[in-house]
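**Student:** can't give you the sequence, but here's the structure:
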Ligand SMILES: C[S@@+](CC[C@H](N)C(=O)[O-])C[C@H]1O[C@@H](n2cnc3c(N)ncnc32)[C@H](O)[C@@H]1O
């Protein structure tokens, strides 16, 4: 399996990026046999459901060089690993409370020579450093998430969007957004990607500052 679907939506990748994306299927297939980070059904859909979905954030936001990004509850490395391939001049810190998931993330990052990735087993609430953006997918509702991360932002913004949270969400978000009581902007991934999987998928941007 190769990453053609990624190249369809991101046609300007370097040869290094293309080979890193192509390597992901084999790497996750191998790691998944030891430590389950992706459901068996999903491993065949890795490029659409995990890699392209993660890169929805790249359609919304082109991180400038030296941008610091935190991925909270990264699991096997989503969205952090695809974003780190896409933005080699930005740095990505991937955290998860489960050590074996971080072991997979470190293994994948090392095999891909991703020098802009660090990974740590810790709870989001305990991260002490400061970032320009926090990215995430499928971890918790926005309201508690905001509380976990609100103190982890640098005050100066130098990207097209001000510093804040970029959260991948799907389904009906009305209740969750109402509960969070924060200013937000929604980006519909259907606008960028044709596959049915993206029908209800969105990037929720919440500025924090
Ligand atoms: C459903 S998985 C999603 C993983 C990945 N983001 C993805 O989309 O494939 C949720 C992950 O969040 C992690 N998690 C939940 N609460 C956390 C917390 N407070 N701090 C760090 N990680 C957390 C879990 O260990 C789990 O790996």
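**Tutor:** Arrived safely. Remember, it's a predicted structure, so these values are computed and weren't measured experimentally. Numbering: from 1, shown residues only.

**Student:** what does stretch 125-132 rub up against?
**Tutor:** Applying CB atoms under 8 Å, 6 or more residues apart in numbering, the contact partners of stretch 125-132 are 63, 67-70, 72, 93, 95, 120, 148-149, 152-154, 157-159, 163. Quick note: C-beta positions are derived from backbone N, CA and C, even for glycine.

**Student:** mind running it again at 10 Å?
**Tutor:** Stretch 125-132 is contacted by residues 63-64, 66-72, 90-93, 95, 97, 120, 122, 134, 144, 147-149, 151-159, 161-164, 208 when judged by CB atoms under 10 Å, 6 or more residues apart in numbering.

**Student:** Out of those, which are close to the ligand?
**Tutor:** 72, 95, 97 (CB under 6 Å from any ligand atom).

**Student:** For these, which single residue is the most surrounded?
**Tutor:** residue 72 (28 neighbours; other CB atoms under 10 Å).

**Student:** For that one, report the pLDDT, please.
**Tutor:** With respect to pLDDT, residue 72 scores 98.

**Student:** coming back round to it: among the ones next to the ligand among the contacts of stretch 125-132, which are located in strands?
**Tutor:** 72, 95 (DSSP state E).

**Student:** ok, so of the ones next to the ligand among the contacts of stretch 125-132, who is nearest the ligand?
**Tutor:** Checking those against the ligand with CB to the nearest ligand atom, the nearest one is residue 97 at 4.0 Å.

**Student:** Thought residue 148 was touching that closest one, still the case?
**Tutor:** No: between residue 97 and residue 148 there is no contact under CB atoms under 10 Å: 11.4 Å.

**Student:** how about the residues of this structure near the ligand?
**Tutor:** 72-75, 78, 95-98, 101, 123-125, 137-139.

**Student:** of all those, which two lie farthest apart?
**Tutor:** Pairwise distances across the residues of the chain next to the ligand (CB to CB) peak at 20.6 Å, for the pair 78 and 125.

**Student:** what residue lies at the spatial centre of this protein?
**Tutor:** residue 79 (1.9 Å; CA atoms, centre = their mean).

**Student:** Name all residues that make contact with that residue.
**Tutor:** Applying CB under 10 Å, 6+ apart to residue 79 gives the contacts 50-51, 53-58, 69, 71, 86, 92, 94, 135-138, 166-168, 203.

**Student:** so where do the helices sit in this structure?
**Tutor:** For the chain, applying DSSP state H gives helices covering 4-9, 15-34, 40-43, 53-54, 56-60, 80-86, 99-111, 142-149, 174-180.

**Student:** what would those look like in JSON lines with mean neighbour count?
**Tutor:** Below are the helices of the chain laid out as JSON lines (neighbours: other CB atoms under 10 Å):
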{"stretch": "helix 4-9", "mean neighbour count": "15"}
{"stretch": "helix 15-34", "mean neighbour count": "16"}
{"stretch": "helix 40-43", "mean neighbour count": "12"}
{"stretch": "helix 53-54", "mean neighbour count": "24"}
{"stretch": "helix 56-60", "mean neighbour count": "23"}
{"stretch": "helix 80-86", "mean neighbour count": "27"}
{"stretch": "helix 99-111", "mean neighbour count": "19"}
{"stretch": "helix 142-149", "mean neighbour count": "18"}
{"stretch": "helix 174-180", "mean neighbour count": "13"}
